[in-house]
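Participant: how would this look folded up:
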Amino acid sequence: MNPTRVVVLISGGGSNLAALLTAAEDPGYGVEIVAVGADRTSAAGLALAVERGIPTFVERVSDYAERADWDRALTAAVAQHRPDLVISAGFLKLVADAFLEAFPGRYLNTHNALLPAFPGMHAPADALAHGVKVAGATLFVVDAGVDTGPIIAQTVVPVLDDDDVDALTERIKVAERAQLVDVVGRMAREGWRVEGRRVRLGR
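Facilitator: From the prediction side, this is the model:
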């Protein structure tokens, strides 16, 4: 069976990317990372791809007169690598409908909360402020909303009595990264399908 072709999108240092790259070095993992893209030239994770001879590209919003032009350019840049999956690994830009239509059911994101609770940019802080006893991370298929797509997998992280935002965020990151690597590998090896709000692994 041919490996699942994956394009990873990043905006920063790329710790999730690094974990995926390491996993993909094992042929049994079932994934070939065929390109890494970013929305800024300063994204440190680009160097991780270059070191491994993986193609990279950068599409900056500021290089385009209209946001729609950037959306089209990003879609084209990803599409030329013919991915089976596109993974947002800390990619801090929302994509437009045209992007989602080009990769239906194939654009994944990971969020540092147990969705649908605490969407948005400040999830661990919001969870602490709400007094929850467990937090966690969600891997989901991106749709046109903000952190609203069909859920693929979730992992739970206990909230400790002495947690602050930084401590909780770091523990979530560890669990989030492990889940991302595990589930992407399973999707690659077993297949997946999106049925309404449900994502089912297996062919």
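Participant: following the lengthiest helix in the chain, which helix or strand shows up next?
Facilitator: For the chain, the helix with the greatest residue count under DSSP state H is helix 165-190. Beyond helix 165-190 in the direction of the C-terminus, DSSP states H and E gives the next helix or strand as strand 192-195.
Participant: Now do that following strand, average pLDDT.
Facilitator: pLDDT averaged over strand 192-195 equals 94, rounded to a whole number.
Participant: go on, stretch 158-174?
Facilitator: Confidence over stretch 158-174 (mean pLDDT, whole number) is 97.
Participant: For the longest helix of the chain, which residues meet the burial criterion?
Facilitator: Neighbour counts using 16 or more other C-beta atoms under 10 Å place 168-169, 171-173, 175-177, 179-181, 183-189 of helix 165-190 among the buried residues. Where you see a C-beta, it was placed from the backbone N, CA and C, and this is true even at glycine.
Participant: tell me the contacts of residue 67?
Facilitator: 61, 96 (C-beta atoms under 8 Å, 6 or more residues apart in numbering).
Participant: From residue 80, how far out is residue 122?
Facilitator: Computed with C-beta to C-beta, to the nearest Å, the distance linking residue 122 and residue 80 is 35 Å.
Participant: Also residue 158?
Facilitator: The value you get for residue 158 to residue 80, if C-beta to C-beta is used, is 43 Å.
Participant: same deal with residue 40?
Facilitator: Relative to residue 80, residue 40 is positioned 20 Å away (criterion: C-beta to C-beta).
Participant: Compare the two (neighbour count), which wins?
Facilitator: With neighbours defined as other C-beta atoms under 10 Å, residue 40 and residue 80 compare such that residue 40 has more, 16 against 13.
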